[in-house]
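Peer 1: model the structure of this input:
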Amino acid sequence: MSERPRELISAQNAGRRGDHDRWIARGINLTLREADRIAVVGPTGSGKTVLLRALATLDSLDEGEILWQERPVANADVPQFRAAAVYLRQRPAVFDGTVEDNLRRPFRLRIHRDKRFDRDQVVAQLATVSRSA
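Peer 2: Residues are numbered from 1 along each chain as shown. The predicted structure is shown next:
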């Protein structure tokens, strides 16, 4: 019997209010495990971005909790959690400079002080989509 993939992140009874104390998203329960791929779809204003921002701990919840590796994400864990999670906006923020400059930027953060920017790997990956650093 194969082992069940490890739980990475989950939302338990998650909810968030918007303007005028109106619930944007409520009662959200989900679990994402290693190798899971999901799509969050719905009409404009249905709470997709609100849910994703809450899962990335960019916005707080009004009820429920977010678990990371089966433990609540505490304030002390947020930098490590954000270093392991990726939140990609539909319209990404791009800083002045080259693609390489933008890709190097996170390596200046304290949480990544023990990691090394691998320019050769970046150049190879960009080449696969016909781009250059």
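Peer 1: just the buried positions in the least confident helix or strand in the chain by mean pLDDT, please.
Peer 2: In the chain, the helix or strand scored least confidently by mean pLDDT, DSSP states H and E is helix 78-84, which has a mean of 81. By 16 or more other CB atoms under 10 Å, the buried positions in helix 78-84 come out as 81-82. Yep, even glycine has a C-beta here, placed from its N, CA and C like the rest.
Peer 1: tell me the buried residues in the following helix or strand past it?
Peer 2: Counting by DSSP states H and E, the next helix or strand C-terminal to helix 78-84 is helix 99-104. Across helix 99-104, burial judged by 16+ other CB under 10 Å covers Leu103.
Peer 1: hmm, who's touching helix 99-104?
Peer 2: Residues outside helix 99-104 that contact it (CB atoms under 8 Å, 6 or more residues apart in numbering): 94-95, 117, 119, 122, 126, 131-133.
Peer 1: now it - C-alpha only, CSV.
Peer 2: Only the C-alpha atoms of helix 99-104 are listed here, as CSV (Å, rounded to 0.1, in the frame of the first residue of the first chain):
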residue,chain,number,x,y,z
VAL,A,99,14.5,39.6,-15.5
GLU,A,100,17.6,38.4,-13.7
ASP,A,101,17.5,41.4,-11.3
ASN,A,102,13.9,40.6,-10.5
LEU,A,103,14.8,36.9,-9.9
ARG,A,104,17.7,37.8,-7.7
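Peer 1: and the helix or strand following that helix, what's its mean pLDDT?
Peer 2: Counting by DSSP H and E, the next helix or strand C-terminal to helix 99-104 is helix 119-127. The average pLDDT within helix 119-127 is 90.
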